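S.K.: No sequence on hand, only this structure:
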């Protein structure tokens, strides 16, 4: 089993930046697909970005967010720039088996506890 722990959330003004980190422990594997999702109050959890042998972004964050992976540190990062109030949500790190980055949350078998990101206008 792999465990995921996120950090790096906080309160930031619109236009600001934050970097989220997700550290994996346990039976980690560099072959896992790793992704970030987010969930705003009253909304469904949505895909933000994912990394496998390639990277995929949601259209809403393309050009502003960057996902990266350091396999030596078992860590995935999400650099978030030009933040907007609509980016406010709890951000979750997730892991899936396989090689394809999928945007469906049900296909991810392991989740972190989430970290709150709040962007003020």
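M.R.: Received, thanks. No experiment lies behind these values; they were computed from the predicted model shown. Numbers count the residues shown, from 1 in each chain.
S.K.: Any idea which residue is closest to the centre of this protein?
M.R.: The residue lying closest to the centre of the chain (CA atoms, centre = their mean) is residue 36, at 2.1 Å.
S.K.: Can you get me a residue count around the nearest residue to that residue once chain neighbours are set aside?
M.R.: Spatial nearest neighbour of residue 36, excluding adjacent residues (CB to CB, 6 or more residues apart in numbering): residue 48 at 4.3 Å. No exception for glycine: its C-beta is placed from N, CA and C like everyone else's. The number of residues packed around residue 48, counting by other CB atoms under 10 Å, is 24.
S.K.: coming back round to it: any idea of the pLDDT on the residue nearest to the centre of the chain?
M.R.: Residue 36 is assigned 98 on the pLDDT scale.
S.K.: sorry, back to before: next up, identify which helix or strand the residue nearest to residue 36 is on.
M.R.: Here residue 48, judged by DSSP states H and E, is contained in strand 46-51.
S.K.: what helices or strands is that strand leaning on?
M.R.: Under the contact definition 3 or more CB pairs under 8 Å, 6 or more residues apart in numbering; DSSP states H and E, strand 46-51 sits against strand 33-39, strand 55-57, strand 65-70, strand 75-80.
S.K.: Name the strands paired with it and say parallel or antiparallel.
M.R.: Paired strands of strand 46-51, with direction, are strand 33-39 (antiparallel), strand 55-57 (antiparallel) (DSSP bridges).
S.K.: in the protein, which ranges drop under the pLDDT threshold?
M.R.: 30-31 (pLDDT under 70).
S.K.: Contact partners for residue 20?
M.R.: 6-9, 36, 77-78, 80, 91, 93, 115, 117 (CB atoms under 8 Å, 6 or more residues apart in numbering).
S.K.: Which PyMOL command selects the buried ones in those residues?
M.R.: Entered in PyMOL, the line below selects the buried ones among these, by 16 or more other CB atoms under 10 Å:
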select buried, resi 6+8+9+36+77+78+80+91+93+115+117
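S.K.: from the contacts of residue 20, which is closest to residue 69?
M.R.: Nearest to residue 69 among the contacts of residue 20: residue 77, at 7.5 Å, using CB to CB.
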